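[1] when you get a sec, could you give me coordinates for this:
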Amino acid sequence: MAELVAKRKHYDLGTMIPFLLMHASVLLVFTVPFTPAMIAWLAGSYFVRMFGVTGGYHRYFSHRSYKLNRFWQFVMAFLAQTSGQKGVLWWAAHHRDHHLNSDRRADLHSPVHEGFWWSHLGWILSDEYDDYDPRRIADFSKYPELRWLDKYHLVPTVIYGAGIYFVFGFPAFVWGFLVATVALYHGTFVINSLTHIWGSRRFPTPDESRNNFVLAIVTLGEGWHNNHHHFMSSVRQGIRWWEIDITFYILTALSWVGIARDLREFRTTE
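    Numbering: from 1, shown residues only. Presented below is the predicted three-dimensional model:
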């Protein structure tokens, strides 16, 4: 049976080369002035798009922890895809597979079985998961605009980067797009690689998911990973008053103005 789920670990140059070039582009910071405004660009661009990843890719499209109308659903998908982390249907379908097989041999990116490198980067750079099972995400693939976005997943990323460059200039592009995108990559990936090996466990879930305060700050609340694996459909992942969950706070604010609806709260017998 293990042979049926063994990872091929064949890396795709078509994915690896742009990924490496993006990382190399960070060196352009040495060609532009270092100012507080550039740090603000880095922080703001990281924060806004991290919310697209956490509130969009993850809590909405993967787990349906709240509702959006069709217009705001498209906006959230577009925002998520400015992160450069492939299409919304691809992302959500694979994440649902992860939860189905969490920390078992069939898990796409378990550090328990495959190690840090594979869980952090390898599975993305491999060509093994270029495709996804459309049945896994049939609830959202019925929308033609989401299928279009998923197919042309780089369009939001390019529009976002080009917009910064042509409106705000090259220094803002370097810090607000290039550096921020690379930081966003690894801020997202640490949830796959570290929150299954580093942290505390409140709930006896059947996997190795863990809560981590540091990673929760970096990822706007995603670091409360053991909480999340205990109740995957909760819009709220930080359940104690001190468990900071910025994504939940933003979604709560969006519910006050009628954008997000029917937020599903954490339930536990504790």
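[2] so which elements touch the helix or strand in which Trp90 is found?
    Element membership of Trp90 [criterion: DSSP states H and E] is helix 88-100. In terms of contacts (3 or more C-beta pairs under 8 Å, 6 or more residues apart in numbering; DSSP states H and E), helix 88-100 is packed against helix 70-81, helix 138-141, helix 144-151. In this view, the C-beta of every residue, glycine as well, is placed from N, C-alpha and C.
[3] pick the most deeply packed of those.
    helix 70-81 (a mean of 19; mean count of other C-beta atoms under 10 Å).
[4] any chance you could map the helices in the stretch 51-200 of the chain?
    With helices called from DSSP state H, counting those that start in this stretch, the stretch 51-200 of the chain shows them at 70-81, 88-100, 111-117, 123-125, 138-141, 144-151, 154-168, 170-173, 180-193.
[5] per-residue confidence for Glu128?
    Glu128 carries a pLDDT value of 89.
[6] point out where the protein drops to low pLDDT.
    Residues of the chain that meet the criterion pLDDT under 70 lie in 1-8, 268-270.
[7] contacts only, for the residue nearest the centre of the chain.
    Taking C-alpha atoms, centre = their mean, the centroid of the chain lies closest to Val53, which sits 4.0 Å from it. Residues in contact with Val53 (C-beta atoms under 8 Å, 6 or more residues apart in numbering) are Ala80, Ser83, Gln85, Leu184, Thr188.
[8] highest neighbour count among those residues?
    The residue in the contacts of Val53 with the most neighbours, by other C-beta atoms under 10 Å, is Ala80 (28 neighbours).
[9] for the residue nearest to the centre of the chain, give its distance to Met76.
    As judged by C-beta to C-beta, to the nearest Å, Val53 and Met76 stand 11 Å apart.
[10] then Thr35?
    Distance from Thr35 to Met76, counting by C-beta to C-beta: 32 Å.
[11] and the helices and strands packed on helix 88-100: which comes nearest Ile239?
    helix 70-81 (23.7 Å; C-beta to C-beta).
[12] which strands and helices lie in contact with the helix or strand harbouring Ala253?
    Per DSSP H and E: Ala253 is located in helix 246-256. Under the contact criterion of 3+ C-beta pairs under 8 Å, 6+ apart, helix 246-256 touches helix 36-51.
[13] the helix it packs on versus helix 180-193: what angle between them?
    On the basis of axes from the mean of the first three to the mean of the last three C-alpha atoms, to 10 degrees, helix 36-51 is oriented at 40 degrees to helix 180-193.
[14] what comes into contact with helix 36-51?
    32, 79-80, 82-83, 160, 164, 168, 171-172, 174-177, 179-181, 183-184, 187-188, 219-220, 246-247, 250.
[15] switch to 6 Å and redo it
    Contact with helix 36-51 is made by Thr82, Ser83, Pro171, Ala172, Trp175, Gly176, Val179, Ala180, Ala183, Leu184, Leu220, Ile250, as judged by C-beta atoms under 6 Å, 6 or more residues apart in numbering.
[16] same check on stretch 238-246?
    Taking C-beta under 6 Å, 6+ apart as the rule, stretch 238-246 contacts Ala216, Leu220, Gly221, Trp224, Asn227, Gln237, Phe266.
[17] buried set for it?
    Neighbour counts over stretch 238-246 (16 or more other C-beta atoms under 10 Å) mark Gly238, Ile239, Glu243, Ile244, Asp245, Ile246 as buried.
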